[in-house]
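Colleague: The sequence and its predicted three-dimensional model are supplied below.
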Amino acid sequence: MPYNTFPSTNSIPPACFYNIRGLPDWLNQNPSYKQYFINYRRQFPYLFPMTSTLSSIGYNIERVPLSPFVTTMSQSQSQIYRKQLALFHTVYEFNSNAYVSSLETNTTPQYYYFSTYHDRMEYRSAVSLVDKLYMFRAMADGQNENGSTLGWVVPFPL
């Protein structure tokens with residue numbers, strides 16, 4: 001089952017998609033995708049489905065600026081976050097390649113192996129950070145006002 005090229009619906013985001021600026025920054029640069037996050041009020045309080053009232057006052061979801069999830073960090077926090085993102089990228093890229101390769105060869109994917117429990121826990125911490133910045137569930141299940149799903153997937157265990 002081949003996947004579409006990112007960022008189309010039902011595609012796999014590449015590792016480089018995930019950075020410290022988070023999903024709001026990406027959506028500000030790619031505003032046509034904001035429509036898929038109208039049901040996530042807590043994270044995106046100013047994204048609304050279009051109504052006649054909103055239309056009459058000139059509301060355009062693509063022009064709504066989104067605030068980043070992380071605004072300020074100490075130098076220490078920044079170093080920790082960058083280290084976690086680097087670890088996440090390493091594992092994500094390995095697992096993504098293993099998954100795509102398994103589709104092409106019709107074999108079982110061999111995912112990243114952690115040599116120690118500590119390494120595994122470091123990765124879980126990194127996944128938690130990236131999930132806060134990107135909201136994996138919203139990327140997979142986010143729907144626009146017509147009910148179309150964005151469907152970005154991470155097709156391997158996080």
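Modeller: All right, it came through fine. Numbers count the residues shown, from 1 in each chain.

Colleague: So which other helices or strands are in contact with the longest helix along the chain?
Modeller: Secondary structure of the chain per DSSP state H: the longest helix is helix 75-105. The criterion is 3 or more CB pairs under 8 Å, 6 or more residues apart in numbering; DSSP states H and E, and the helices and strands that helix 75-105 contacts are helix 117-134. Heads up, the C-betas are built off the backbone N, CA and C, glycines and all.

Colleague: So which elements touch the helix it packs on?
Modeller: Looks like helix 117-134 contacts helix 22-29, helix 75-105 (3+ CB pairs under 8 Å, 6+ apart).

Colleague: Now render these as JSON lines, adding mean pLDDT.
Modeller: Shown next, in JSON lines, are the helices and strands packed on helix 117-134 (pLDDT from 0 to 100):
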{"stretch": "helix 22-29", "mean pLDDT": "97"}
{"stretch": "helix 75-105", "mean pLDDT": "94"}
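
Colleague: Out of these, which one sits most buried?
Modeller: Most buried of the helices and strands packed on helix 117-134, by mean neighbour count (mean count of other CB atoms under 10 Å): helix 22-29, with a mean of 18.

Colleague: dump the residue contacts of the residue nearest the centre of the chain.
Modeller: Centroid-nearest residue in the chain: Tyr134, 3.9 Å away (criterion: CA atoms, centre = their mean). For Tyr134, the contacting residues are 18, 22-23, by CB atoms under 8 Å, 6 or more residues apart in numbering.

Colleague: Was I right to think Gln43 contacts Lys34?
Modeller: No - using CB atoms under 8 Å, Gln43 is not in contact with Lys34, being 11.8 Å away.
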